[in-house]
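Enquirer: Generate a structure from the sequence data that follows.
(2 chains, ligands or ions: 2)
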Amino acid sequence: MAESSKFEPKIVAFLCNWCSYAGADLAGISRMQYPPNVRVLRVPCSARVDPFFILQALQQGADGVLVSGCHPGDCHYLTGNYVARRRFAVLHDLLQFCGLEPGRVTFAWVSASEGERFAQLVREVTDNVRQLGPNRKLIKEQ
Amino acid sequence: MDKVARLRERAKELLEKQEVVGVLGYRASSRPGISQVAFITRPEEVDRLIFDSACSQNLANYLLKVKDKGKVAVVARGCDSRSIVVLLQEKQIEREKVYILGVGCEGVVVQGEKSVACRSCRYPNPVIYDEMVGEEVHFEPETVEDEFDRLTPDEWWEVLSAEVARCIRCYACRQVCPNCYCPVCFVDASMPALVGKTHNVSDNIVFHIMRALHMAGRCVECGACHRACPMGIDLMRFNRQVAKIVRERFGLVAGAKPDEMPALTIFKPDDPQEFIR
Ligand code: SF4
Ligand code: SF4
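Expert: Ligands and ions are numbered 1, 2, ... in the order given. Okay, the predicted model is just below:
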């Protein structure tokens, strides 16, 4: 127990420039509190998130990954997130099939005006990953 | 007239009339039970052509290698024809430059047993063809069960990772696959390197997940990769799963219908998204 209560997960978040990153920014300038466990990487669009990014993050030591883009219909590039959604669906199901813990990788839609939603999402994702414990499955032993 | 005799006859006619520059099919090898790919360009050589349960390769793959020679006739079973459909959809070949000699297929036999992929085959007959050689084939597909239903996710992860840990990263599975044709494959990319190149377990798992993912909506479950693997790794586990995901989520079957594009090249505004927060 003492061991797990000390565990602070490292979470890599891929946020799209136009919605989710702006949502995170809003949470920041509104001084909302959320756990400092996320490391944000800004990408132009959720469709830029190659499944490799997610798997590599886990290989290189992330305990969890969050991928977030604009809500369907709101994509800056019109259809990027629709295309990404299919790809994420297959990745999600395939990871589940392989036996990766659900909750290691989280997909979300967060708009630029949803600062509180972003803060809440990070709280939940951090809690979930903390419960799961360190990522031991995909990590690449050096 | 039996299938093979008819095949030879038609191949001869097509070559003599110069309707095609060559016929892509199978020929016997020096080892019983194993056939080779044949590209026959002269009418007097057509007697080399065979078609039986030893014909294991997916000929659509070899079509890509001879497509620039001119119009080519190709022997195609259900799976090969579906691969051809995917190649047409992805604009890798032109319909006018292929003449499809359709054959019904009872399944590939490897060392006395029907290949795993073929046991659950739902497409023994070609989905597109210019002419059928011989009769269509009909049989009940078996349901191939994955044992993962009986295991916990952790146990299944152990089973799968022990399996892929044996992968020596020779990429035979990629080489034989008709739909793995990228000029630079992700495994060869080095700037940046997308996945480690040694047979480290973590890299192997990532390789296998990404290979399967790149086949989503494109893999026709022909089993050529599985049969080519020198380590006997059951690649069909991944392929079957990906096909199932695509079927259940998007209602699509790779290459089954020429007018239904590969699942990941299209989308619907109301695609299921229950997994997204
Ligand atoms: S991945 Fe394997 S089963 Fe699927 S089309 Fe390629 S060779 Fe055939
Ligand atoms: S053919 Fe088998 S051993 Fe070779 S890379 Fe593919 S899965 Fe690995």
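
Enquirer: CA atoms for contacts and neighbours, from now on please.
Expert: OK.

Enquirer: Closest to the centroid, which residue in the chain?
Expert: In the absence of a named chain, chain A is used. residue A:66 (0.5 Å; Cα atoms, centre = their mean).

Enquirer: looking at chain B here, not the other one
Expert: Compute the mean C-alpha point of chain B, and by Cα atoms, centre = their mean the closest residue is residue B:222, 4.0 Å away.

Enquirer: Name the nearest residue to the residue of chain A found nearest ligand 2, ignoring sequence neighbours.
Expert: Per Cα to the nearest ligand atom, the residue of chain A with the smallest distance to ligand 2 is residue A:98, at 15.7 Å. Closest residue in space to residue A:98, ignoring its immediate chain neighbours: residue B:157 at 5.6 Å, by Cα to Cα, 6 or more residues apart in numbering or on different chains.

Enquirer: which residues of the chain score low on pLDDT?
Expert: No chain in the question, so chain A it is. When residues are selected by pLDDT under 70, those of chain A lie in A:1-5, A:142.

Enquirer: Let me rephrase: I mean chain B.
Expert: In the predicted model, chain B carries pLDDT under 70 at residues B:1.

Enquirer: ranges for the helices of it?
Expert: B:3-16, B:60-66, B:78-89, B:116-119, B:153-165, B:172-175, B:201-214, B:224-228, B:236-250 (DSSP state H).

Enquirer: Quickly compare those and say which is most buried.
Expert: helix B:78-89 (a mean of 26; mean count of other Cα atoms under 10 Å in any protein chain shown).

Enquirer: With only the CA atoms kept, save that helix in PDB.
Expert: The C-alpha trace of helix B:78-89 is given here as PDB (Å, rounded to 0.1, in the frame of the first residue of the first chain):
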ATOM      1  CA  GLY B  78     -11.500 -15.800 -53.200                       C
ATOM      2  CA  CYS B  79      -8.700 -14.300 -51.100                       C
ATOM      3  CA  ASP B  80      -6.500 -13.400 -54.000                       C
ATOM      4  CA  SER B  81      -9.400 -11.700 -55.700                       C
ATOM      5  CA  ARG B  82     -10.200  -9.700 -52.600                       C
ATOM      6  CA  SER B  83      -6.600  -8.600 -52.400                       C
ATOM      7  CA  ILE B  84      -6.900  -7.500 -56.000                       C
ATOM      8  CA  VAL B  85     -10.000  -5.500 -55.100                       C
ATOM      9  CA  VAL B  86      -8.100  -3.800 -52.400                       C
ATOM     10  CA  LEU B  87      -5.200  -3.000 -54.700                       C
ATOM     11  CA  LEU B  88      -7.700  -1.600 -57.300                       C
ATOM     12  CA  GLN B  89      -9.300   0.500 -54.600                       C
END
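
Enquirer: helices and strands around it, which ones?
Expert: Contacts defined by 3 or more Cα pairs under 8 Å, 6 or more residues apart in numbering or on different chains; DSSP states H and E place helix B:78-89 against helix B:60-66.

Enquirer: can you list contacts of the helix it packs on?
Expert: Applying Cα atoms under 8 Å, 6 or more residues apart in numbering or on different chains, the contact partners of helix B:60-66 are B:24, B:72, B:74, B:76, B:80-81, B:83-84, B:92-93, B:176-179.

Enquirer: Report the closest residue of chain A relative to ligand 1.
Expert: For chain A, Cα to the nearest ligand atom, closest residue to ligand 1: residue A:94, 14.9 Å.

Enquirer: I'd like to know how many residues surround residue A:50.
Expert: 12 (other Cα atoms under 10 Å in any protein chain shown).

Enquirer: give the contact list for residue A:65.
Expert: A:11, A:12, A:13, A:14, A:54, A:57, A:58, A:104, A:105, A:106.

Enquirer: Of those residues, which belong to strands?
Expert: A:11, A:12, A:13, A:14, A:105, A:106 (DSSP state E).

Enquirer: give me every residue that touches the third one.
Expert: What it means is residue A:13. A:38, A:39, A:40, A:41, A:65, A:66, A:67, A:68 are the contacts of residue A:13 under Cα under 8 Å, 6+ apart.

Enquirer: Try it again at 6 Å.
Expert: A:39, A:40, A:41, A:65, A:66, A:67 (Cα atoms under 6 Å, 6 or more residues apart in numbering or on different chains).

Enquirer: Is residue B:109 in contact with residue B:53, as I believe?
Expert: Yes: using Cα atoms under 6 Å, residue B:109 is in contact with residue B:53, at 5.3 Å.

Enquirer: just so I have it, where are all the helices in chain A?
Expert: Counting by DSSP H, the helices of chain A are A:2-6, A:20-29, A:51-59, A:80-98, A:115-132.

Enquirer: Output those as JSON lines; include the columns distance to residue B:117 and mean neighbour count.
Expert: Compiled in JSON lines, the helices of chain A are given as follows (distance: least, Cα to Cα, whole Å; neighbours: other Cα atoms under 10 Å in any protein chain shown):
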{"stretch": "helix A:2-6", "distance to residue B:117": "44", "mean neighbour count": "9"}
{"stretch": "helix A:20-29", "distance to residue B:117": "43", "mean neighbour count": "21"}
{"stretch": "helix A:51-59", "distance to residue B:117": "27", "mean neighbour count": "20"}
{"stretch": "helix A:80-98", "distance to residue B:117": "19", "mean neighbour count": "21"}
{"stretch": "helix A:115-132", "distance to residue B:117": "36", "mean neighbour count": "20"}
